[in-house]
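Enquirer: Mind folding the following:
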Amino acid sequence: MKRGRPTLAEQIRRNEAALNQYLHAAHKSLIVTSTNNPLAGADELPHRGPKRKTADAPPESVVQREVLAALRAHPKVAWCGRINSGTAVAQNSDGSSRYTRFHTIRGMSDLLGQMRDGRMLAIECKRDHHGRLTEDQAAFLDKVRENNGVAGMAWSVDSAIEIIERTEK
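Expert: Residues are numbered from 1 along each chain as shown. Next up, the predicted model:
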């Protein structure tokens with residue numbers, strides 16, 4: 001390796017090695033290679049097929065921001081916030097890297113909060129009413145409802161308010 005800044009290929013190899021080390025420590029059998037690593041380059045990513053998009057539907061991030069602002073202003077909501085989830089490989093200053101998971105609850109909703117009456121609030125945002133919940137997301141929302149929480153899937157401010165209004169205590 002040359003002195004100075006590592007090449008992209010060297011960074012990818014380091015990231016793969018760090019990820020494999022983490023997965024081995026976590027007793028996972030997946031081995032990351034350049035053929036299944038999304039950091040390996042756009043040309044090597046598997047084709048997932050066309051995404052079904054509604055022409056008029058805003059991106060999910062816009063829906064989340066609008067719903068979050070409405071929930072924070074709603075008189076029945078004590079607090080609400082965006083929950084970041086996922087994983088990342090961070091580069092350390094010494095050239096090593098580390099794998100970080102942002103939370104460990106599978107299917108956790110995009111927005112979590114609490115109603116003024118004490119119940120938990122969980123809202124999963126989708127870009128339009130055709131959005132589908134994953135099995136983990138559906139199970140999380142069901143668990144919140146089973147424990148007297150307020151939960152649902154929202155694709156607009158109106159649908160989020162409807163979730164709150166239809167689950168009166």
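
Enquirer: contacting residues for residue 109?
Expert: By Cβ atoms under 8 Å, 6 or more residues apart in numbering, residue 109 lies in contact with 83, 122, 123, 124, 137, 140, 141, 144, 151. The C-beta positions use only the backbone N, C-alpha and C, and glycine is treated the same way.

Enquirer: make that residue 90, sorry
Expert: Neighbour list for residue 90: 97, 98, 100 [criterion: Cβ under 8 Å, 6+ apart].

Enquirer: Single out whichever of those residues has the smallest pLDDT.
Expert: Minimum pLDDT for the contacts of residue 90 is recorded at residue 100 (80).

Enquirer: What about it, how many residues nearby?
Expert: Counted by other Cβ atoms under 10 Å, the residues lying close to residue 100 total 11.

Enquirer: Likewise for residue 125?
Expert: 24.

Enquirer: Look up how far residue 58 lies from the nearest residue to residue 60 once chain neighbours are set aside.
Expert: For residue 60, ignoring the flanking residues on the chain, the nearest one in space by Cβ to Cβ, 6 or more residues apart in numbering is residue 127 at 4.5 Å. Separation of residue 127 from residue 58 (Cβ to Cβ, to the nearest Å): 7 Å.

Enquirer: Which helix or strand contains the residue most central in space within the chain?
Expert: Residue closest to the mean C-alpha point of the chain, counted by Cα atoms, centre = their mean, is residue 85 at 4.2 Å. Residue 85 belongs to no helix or strand when assigned by DSSP states H and E.

Enquirer: tell me the contacts of it?
Expert: 102, 103, 108.

Enquirer: how about the helices in the protein?
Expert: 8-25, 60-73, 135-146, 157-166 (DSSP state H).

Enquirer: pLDDT wise, what is residue 8 at?
Expert: So residue 8 comes in at 75 (pLDDT).
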